[in-house]
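Engineer: Sequence first, then the predicted structure:
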Amino acid sequence: MFSLKNKVAVVTGASRGIGQAIAIKMAESGADIALIYAKNEKKANKVKSTIINMGQKAITYQCDVSDFDESKMLIYKIMQDFQTIDILVNNAGIVKDNLLFSMTNEDFNEVIKVNLNGTFNMIHHTYLNFVKKKNGRIINISSILGVCGSKGGANYAASKAGIIGLSKSVAKELAAFGVTCNVIAPGYIRTDMTNGLSDSSKEIFAKEIPLKKFGDADDIAAAAVFLASEESKYVTGEVLKVDGGLLM
Ligand code: NDP
């Protein structure tokens, strides 16, 4: 197992699904965790208890990552509580799917604001800490839909494609300071986000996947732990698909 001993990880969207799995797996690997959530305080506190019971430090923070000033204050508080940040995982995300003709301006902008601006805000407020340490790991959660597009989810696909462009730019800018920035592009993963799909849709989608099933949040968490670890020090600007072979 990769070690994250003595590391501090900030994980956005850590109250549920993929973010929860990443936070717990990073804690299992020895990291202390700052858990960010938007609304689900109860669920975030449950994740916190799980991590504290493992013997790691964990604190929850409520923050809308799409708000530039709120996320600045968030990083300030985390730095006060943990003194440093070693790993930043930008996982918080939303979907508001609709075909183009019925997609509103508001729905387009909101998805871009949370998924893409939220990722930028967190990086913007954290990167100086990494630069000063000459070390740091940034892991951004995109989606295979950001690579191949989405019929009925132009806002989501655009936000996730934006995350890839943002991440490669950050990787280039921060490489000289020993900071890596990578992307994980999940395929279909069993979480609240995909629970809304009908059983028949799930079956149709699963048939298209070479490994013939949806992934688990833990599959993404395992990739995140690798990208956060010392062993990934020569990997940057990469888009790691974790999708059961769906997009080859
Ligand atoms: P969930 O819907 O299960 O969880 C979303 C998380 O994001 C929650 O913790 C939520 O907090 C948090 N969040 C939402 N909006 C904000 C905000 N404005 N500020 C801070 N936190 C916020 O999603 P998943 O776990 O399925 O997805 C996690 C990431 O993985 C997303 O970026 C998603 O796009 C991506 N992804 C998921 C796939 C899948 O199949 N599930 C496939 C490809 C990519 P709260 O609980 O408080 O509301």
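Structural biologist: Structure received. Numbers count the residues shown, from 1 in each chain.
Engineer: what separates the most centrally placed residue in the chain from Ala171, distance-wise?
Structural biologist: By C-alpha atoms, centre = their mean, the chain has its centre lying nearest to Asn91, at 2.0 Å. Counting by C-beta to C-beta, to the nearest Å, the gap from Asn91 to Ala171 is 18 Å. The way it works is simple: take the backbone N, C-alpha and C, and place the C-beta from them, glycine included.
Engineer: next one: Asn135
Structural biologist: Relative to Ala171, Asn135 is positioned 15 Å away (C-beta to C-beta).
Engineer: and the longest helix for this protein?
Structural biologist: Assignment by DSSP state H gives helix 154-174 as the longest helix of the chain.
Engineer: Could you confirm whether that one reaches the ligand?
Structural biologist: No. Helix 154-174 stays clear of the ligand (C-beta under 6 Å from any ligand atom), getting no nearer than 6.8 Å.
Engineer: tell me which residues in that helix are buried?
Structural biologist: 154-164, 166-168, 170-171, 174 (16 or more other C-beta atoms under 10 Å).
Engineer: All the strands of this structure, residue numbers only.
Structural biologist: Remark: strands assigned in the chain by DSSP state E are 8-12, 32-37, 58-62, 87-90, 136-141, 179-186, 239-242.
Engineer: could those go into a markdown table alongside mean neighbour count?
Structural biologist: Supplementary listing: the strands of the chain in a markdown table, determined by neighbours: other C-beta atoms under 10 Å:
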| stretch | mean neighbour count |
| --- | --- |
| strand 8-12 | 27 |
| strand 32-37 | 26 |
| strand 58-62 | 18 |
| strand 87-90 | 29 |
| strand 136-141 | 26 |
| strand 179-186 | 25 |
| strand 239-242 | 18 |
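Engineer: my guess is Phe2 contacts Ser29, does it?
Structural biologist: Yes. The pair Phe2 / Ser29 is scored as a contact, 5.9 Å apart, by C-beta atoms under 8 Å.
Engineer: Now do the shared contacts for these two.
Structural biologist: Val225, Ala228, Ser229 (C-beta atoms under 8 Å, 6 or more residues apart in numbering).
Engineer: Tell me the most packed of these, by neighbour count.
Structural biologist: Among the shared contacts of Phe2 and Ser29, the one with the most neighbours (other C-beta atoms under 10 Å) is Ala228, at 27 neighbours.
Engineer: Hmm, Asn135 and it touching each other?
Structural biologist: No. Assessed by C-beta under 8 Å, Ala228 is found out of contact with Asn135, at 11.7 Å.
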